[in-house]
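S.K.: return atomic coordinates for the entry below.
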Amino acid sequence: MTTCRLEERGVLVAGDMLSDALIPMLDLTGTADPVEDYLAALRLLEGAAGDVDVLVPGHGDHGREPPLKEKPAMSEPVTKIDARFSDPGSAATPWSQTREALEAAELFWITTVRADGRPHVTPLVAVWLDDTIYFTTGETEQKARNLRVNPHVILSTGCNTWDEGLDVVVEGDAVAVTDHAKLTRLAQAWSAKWDGRWQYHVKDGRFHHPHGGGALVYSVTPTKVLAFGKGSFTHTSHRF
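M.R.: Numbering: from 1, shown residues only. Predicted structure coming up:
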């Protein structure tokens, strides 16, 4: 039985060392206590698995999570139209349309809250990936200082025309992302969006620009998303 740890990817392939369906092939001739040797190997494996993001076991039924291929996607939100602020007879904006707007958006405006309660608003680029918004900030920027005391944020995107398009507002909490494998995947997403100029490499739990300077990365998993349709005016809420 062999295990393999992919450091840069945060992956541990444990194989049938962690099988609960196959009997381990113990060395019955080359050691005085093959069972203890196997248990010692499991203890080493436990230590190696402590800081990985993905653990690939062997045959059988393991752990508390379902197999990766069976993990559900983000649950569909409860979608409702607010008739008070919508045209008569209009329909709610489907979540699929709202999500497409988030995926395609090239610019967001983020609202954070200062320590004294005053709001702070600034534009930024962000990536929608795996049903989560990710954004960056310099460690000394105002929004970074705000997030250290209050994680509540709003990100909005849309267009400045009043009679066409879709404006979207996302509410949630900003959580710092420091995992190397996750950041590597996000850096790839950044480089693939816009015109390719957003290039980062990952080091010490953050993004780094090619010519120096670091950037903290945050994720925002939506708790509520508002979609404002224009032309046919609608006010839709998506609640998770």
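
S.K.: any buried residues in the one helix or strand Val168 maps to, and which?
M.R.: If you go by DSSP states H and E, Val168 is part of strand 166-177. Residues of strand 166-177 classed as buried: Leu166, Asp167, Val168, Val169, Val170, Glu171, Gly172, Ala174, Val177 (neighbour count, 16 or more other Cβ atoms under 10 Å). All C-beta spots, glycine's among them, are computed from the backbone N, C-alpha and C.

S.K.: and the fourth one, bridged to which residues?
M.R.: Partner residues in beta bridges with Val169: Ser156, Leu226, with DSSP bridges as the criterion.

S.K.: helices and strands around the one helix or strand Ile110 maps to, which ones?
M.R.: Take DSSP H and E as the rule and Ile110 turns out to sit in strand 108-113. Other helices and strands packing on strand 108-113, by 3 or more Cβ pairs under 8 Å, 6 or more residues apart in numbering; DSSP states H and E, are strand 119-124, strand 132-137, helix 142-147, strand 152-157.

S.K.: can you give the strand pairings for it, parallel or anti for each?
M.R.: strand 119-124 (antiparallel), strand 152-157 (antiparallel).

S.K.: right, so these: which one is the most enclosed?
M.R.: Mean neighbour count (mean count of other Cβ atoms under 10 Å) peaks for strand 152-157 among these, with a mean of 20.

S.K.: that strand versus strand 132-137: what angle between them?
M.R.: 100 degrees (axes from the mean of the first three to the mean of the last three Cα atoms, to 10 degrees).

S.K.: just how off-centre is strand 152-157 within its chain?
M.R.: 16 Å (Cα atoms, centre = their mean, to the nearest Å).

S.K.: tell me the pLDDT of the most far-flung residue of the chain relative to its centre.
M.R.: Distance to the chain centre peaks in the chain at Thr29, reaching 49.0 Å (criterion: Cα atoms, centre = their mean). With respect to pLDDT, Thr29 scores 70.
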